[in-house]
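Enquirer: Build me a model from this:
(one chain, ligands or ions: 1)
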Amino acid sequence: MKVTVIGGGYVGLPLAVLAAQHGHMVCIYDKDESRVSKISDGQSYIEDVSDASIQELLTGRLFATSSAGLALALPEVVIICVPTPLQYSLEPDLSFVTAAIDDIKTYTRAALVCLESTVYPGFTREALVPLLGSGYSVAFSPERVDPGNKKWNTKNTPKIIGANSAAERELAVAFYSSFIDTVVPVSSTDVAETVKLLENTFRWCNIGLVNELAMQCHTLGVDVWEVIEAASTKPFGFMPFYPGPGVGGHCLTTDPDYLSWRLRALKHEARFIELADGVNRSRPKYVVYRLMEELNALGICLKGTSVHVWGVAYKPNVSDTRESPALDILSELSERGAVLSYEDRYVPQLTLESELELSSTSDVAADVLLIVTDHEYYDYANCALGHRLVLDTRGVTRRRTPMSGNCPIIRL
Ligand code: SAJ
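Expert: Sure thing, here's the model as predicted:
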């Protein structure tokens with residue numbers, strides 16, 4: 001079919017390539033000219049998509065444009081994969097979706113329109129369908145992309161598909177089944193929207209639980225990493241989550257708040273989400289507090305102390321720094337007068353909110369090594385060399401022996 005994917009990001013680009021590989025004629029519509037020219041030059045900017053996979057499709061199966069008129073001239077299917085961030089007030093920002101709807105209305109008729117961006121329950125039925133107007137078939141199919149995951153990808157991850165009529169559901173199931181291994185139809189777009197929010201709220205709250213447990217274990221004088229490792233031997237009824245320096249990425253940090261925002265509007269409190277919000281969003285400050293506490297125990301003042309950070313991306317082995325807790329930690333350390341440096345091969349440059357610009361530098365002999373993101377490539381066995389203190393926020397030093405060097409290694 002003739003398919004237009006609106007938004008060529010970490011969701012849209014893999015989806016477009018996969019659909020084109022399975023015989024569809026796919027256009028990627030993205031307002032970012034640099035993305036359009038990269039695709040046209042056969043270059044991928046998403047780690048999970050190879051240049052070759054794009055190049056093989058440029059002979060008529062896949063093309064990109066920043067022109068809405070060209071992108072939406074003749075599609076039979078339009079898939080919306082644009083960001084749905086939060087505003088500073090933690091309110092949903094659906095402006096990218098409404099802009100996509102306006103483009104569709106202006107240039108296209110009678111297409112199947114599938115929304116993949118994460119929204120609050122009810123949005124597709126109450127807002128998208130009326131905004132689009134009659135003549136379209138509509139479905140909601142949440143994206144389930146885990147960037148950097150080597151096992152699960154767009155093709156083999158089961159795809160939820162919700163629609164509000166049998167005819168629309170059949171259309172959407174037939175389309176997605178043509179290039180995705182497993183599709184899971186559900187009875188409405190509201191159900192599909194809520195499925196997505198349950199998935200990420202489940203993670204958000206469990207990470208909050210274990211972040212709180214880590215602070216409790218510090219008070220109890222118990223090694224939380226040993227506790228979690230031992231609890232993980234339970235073969236049923238348990239799933240490990242791990243404490244960290246905070247929660248990054250633009251999925252977990254926003255999706256649960258779409259649910260709690262909607263519920264507040266319906267005068268219903270989402271207490272677990274709001275509690276997890278408080279715990280997870282306070283972690284960066286907690287890391288700095290603990291660093292000052294450990295330095296104090298060594299008779300060292302944070303101000304003027306050199307702190308070298310390993311890892312600024314929001315999770316291991318990716319380059320994305322959106323919502324990364326490392327940004328908050330670096331800003332907090334900078335405000336308190338620490339002398340900062342970082343090393344992250346996936347992130348060559350970094351500009352903090354304070355406009356402080358930093359470049360990734362290979363290991364410097366700093367007073368403190370602060371492990372924030374546990375990329376696989378770091379030399380954890382020798383991380384203590386050349387430092388007076390190592391603060392490990394990821395528990396990665398627990399299993400790396402022998403640890404040469406004799407400075408204290410503290411795991412949060
Ligand atoms: N994190 C912890 N402790 C944990 C797990 C994660 O602190 O036990 C932190 C990570 O360091 C990271 C953040 O949480 O900063 C998010 O981690 P993530 O593994 O959830 O990664 P995301 O946000 O890129 O992807 C998630 C997907 N993750 C997994 O299923 C493993 C999935 O929930 C969604 O498909 C995706 O968000 C999305 O697009 O919604």
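Enquirer: does S260 really touch I273, like I thought?
Expert: Yes: the pair S260 / I273 is scored as a contact, 4.4 Å apart, by C-beta atoms under 8 Å. C-beta coordinates here come from the backbone N, C-alpha and C atoms, glycine included.
Enquirer: shaky segments in the stretch 301-412 of the chain?
Expert: 363, 400-403 (pLDDT under 70).
Enquirer: Recalculate using a threshold of 90.
Expert: Across the stretch 301-412 of the chain, the ranges flagged by pLDDT under 90 are 353-355, 362-365, 382, 385-386, 398-406.
Enquirer: and it, which residues reach the ligand?
Expert: 314-315 (C-beta under 6 Å from any ligand atom).
Enquirer: go again using 8 Å as the cut-off
Expert: 314-316, 318, 320, 323-325, 373, 394 (C-beta under 8 Å from any ligand atom).
Enquirer: now those as a markdown table including secondary structure and neighbour count?
Expert: Shown next, in a markdown table, are those (DSSP: H, G, I helix; E, B strand; the rest coil; neighbours: other C-beta atoms under 10 Å):
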| residue | secondary structure | neighbour count |
| --- | --- | --- |
| Y314 | coil | 27 |
| K315 | coil | 19 |
| P316 | coil | 16 |
| V318 | coil | 20 |
| D320 | coil | 18 |
| E323 | coil | 19 |
| S324 | coil | 28 |
| P325 | helix | 23 |
| T373 | coil | 29 |
| R394 | coil | 22 |
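Enquirer: and stretch 61-78, how far apart are its ends?
Expert: Criterion C-alpha to C-alpha, to the nearest Å; first-to-last residue distance in stretch 61-78 is 16 Å.
Enquirer: Show residues contacting that stretch.
Expert: Residues outside stretch 61-78 that contact it (C-beta atoms under 8 Å, 6 or more residues apart in numbering) are 1-6, 8, 16-17, 20-21, 23-33, 35-36, 39-40, 54, 103-104, 106-108, 111-114, 175.
Enquirer: chain center to stretch 50-62: distance?
Expert: 26 Å (C-alpha atoms, centre = their mean, to the nearest Å).
Enquirer: Over to stretch 246-264?
Expert: Relative to the centre of its chain, stretch 246-264 is centred 11 Å away, using C-alpha atoms, centre = their mean.
Enquirer: what mean pLDDT would you report for it?
Expert: Average pLDDT, stretch 246-264: 93.
Enquirer: which regions of the stretch 101-250 of the chain lie under the pLDDT threshold?
Expert: Across the stretch 101-250 of the chain, the ranges flagged by pLDDT under 90 are 109-110, 147-148, 250.
Enquirer: What residue, apart from its backbone neighbours, is nearest the residue nearest in space to the middle of the chain spatially?
Expert: When C-alpha atoms, centre = their mean is applied to the chain, the residue found nearest the centroid is G249 (3.3 Å). Of all residues not flanking G249 in the chain, Y314 sits nearest, at 4.8 Å (C-beta to C-beta, 6 or more residues apart in numbering).
Enquirer: residues contacting R281?
Expert: Going by C-beta under 8 Å, 6+ apart, R281 touches 246-247.
Enquirer: What backbone torsions are found at the residue of the chain positioned farthest from its centre?
Expert: The centre of the chain is farthest from one residue, G299, which by C-alpha atoms, centre = their mean lies 38.8 Å away. When read as degrees, to the nearest 10, the backbone of G299 gives phi 70, psi 30.
Enquirer: And it, how far from I6?
Expert: Distance, G299 to I6, using C-beta to C-beta, to the nearest Å: 58 Å.
Enquirer: ok, whichever residue of the stretch 251-400 of the chain sits closest to the ligand - how many residues close by?
Expert: Using C-beta to the nearest ligand atom, the single residue of the stretch 251-400 of the chain nearest to the ligand is C251, 3.1 Å away. Using other C-beta atoms under 10 Å, C251 has 25 other residues around it.
Enquirer: and if you look at L350?
Expert: 20.
Enquirer: which secondary structure element contains it?
Expert: Here L350, judged by DSSP states H and E, is contained in strand 349-351.
Enquirer: Partner strands of that strand, with direction?
Expert: Strand 349-351 pairs in its sheet with strand 357-359 (antiparallel), by DSSP bridges.
Enquirer: contacts for the strand it pairs with?
Expert: 330, 340-342, 348-352.
Enquirer: Show me how far that strand is from its chain's centre.
Expert: With C-alpha atoms, centre = their mean, you get 23 Å for strand 357-359.
Enquirer: what's downstream of it, the next helix or strand?
Expert: Strand 357-359 is succeeded, C-terminally, by strand 368-371 (DSSP H and E).
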